[in-house]
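# pasting the sequence and the predicted model now:
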Amino acid sequence: MLSVEEGNLRTWSPERMYLPTPSWFRHHAAVKRLNDYVSGLIERRWALRRGERTQPQPCNRREDVLDKVLSAIADADWGPEAIRQVRDEVKTFILAGHETSASMLAWTLYELTNNPECLEKVRAEAAQVFAKRKLTNVPARGDLDALRYTEVGG
């Protein structure tokens, strides 16, 4: 989270990117830790996939997004540059999706707290949907169709 906070602060104070302050050093250390961690995951998955190719029996493991990305890389192209590119794509995929969802949720909650009438309508719909299920269970898609006001604001 430190890197995200620093990124947000740089929006309002771009000079933070260039001044070697304590927060600058902390940010660079956090980015390096994240890069090393993600690169390690990628390298281990590449090795796992190579090992699976040499086994006579097919693997029963479910492939994920990283497997799909790695399957597009030829053995001859594998190296530090490929790792760096995949690392940056994985970070973008995870962090960009997280950040936009978090921002949307924060703004929605902010707007709802400033409009008690809308907040009450959203609460009433949520109570109706979750009344059918325990709060620990995610509602089914059909249940979410009852969220008319929440989905379209009408």
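Yes, it's here.
# buried set for whichever strand or helix holds Val122?
Following DSSP states H and E, the helix or strand that holds Val122 is helix 116-130. Across helix 116-130, burial judged by 16 or more other C-beta atoms under 10 Å covers Lys121, Val122, Glu125, Val129. Heads up, the C-betas are built off the backbone N, CA and C, glycines and all.
# next one: stretch 109-128 to chain centre, how far?
26 Å (C-alpha atoms, centre = their mean, to the nearest Å).
# quick revisit: packing partners for the helix holding Val122?
helix 97-113, helix 148-152 (3 or more C-beta pairs under 8 Å, 6 or more residues apart in numbering; DSSP states H and E).
# in contact with Val129, which residues?
By C-beta atoms under 8 Å, 6 or more residues apart in numbering, the contact set of Val129 is Pro139, Asp143, Leu144, Ala146, Leu147.
# what is the burial count for the third one?
In other words, Leu144. Residues lying near Leu144 (other C-beta atoms under 10 Å) number 13.
# excluding covalently adjacent residues, which one is nearest to it?
Nearest residue to Leu144, sequence neighbours excluded (C-beta to C-beta, 6 or more residues apart in numbering): Val129, at 6.8 Å.
# ok, the last one next?
Computed as C-beta to C-beta, 6+ apart, the closest residue to Leu147 that is not its neighbour in sequence is Glu125, at 5.1 Å.
# hang on, that neighbour packs against Glu151?
No. Using C-beta atoms under 8 Å, Glu125 is not in contact with Glu151, being 9.1 Å away.
# filter the contacts of Val129 down to the buried ones, ChimeraX style.
Buried members of the contacts of Val129, defined by 16+ other C-beta under 10 Å, are picked up in ChimeraX with:
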select :143
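# in a markdown table, list the contacts of Val129 along with pLDDT and secondary structure.
Listed next are these as a markdown table, based on pLDDT from 0 to 100; DSSP: H, G, I helix; E, B strand; the rest coil:
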| residue | pLDDT | secondary structure |
| --- | --- | --- |
| Pro139 | 74 | coil |
| Asp143 | 77 | helix |
| Leu144 | 77 | helix |
| Ala146 | 80 | coil |
| Leu147 | 81 | coil |
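# ok, the contacts of Val129 vs Trp12, which is closest?
Taking C-beta to C-beta as the measure, Leu147 is the one of the contacts of Val129 closest to Trp12, at 35.4 Å.
# thanks again, I'm all set now.
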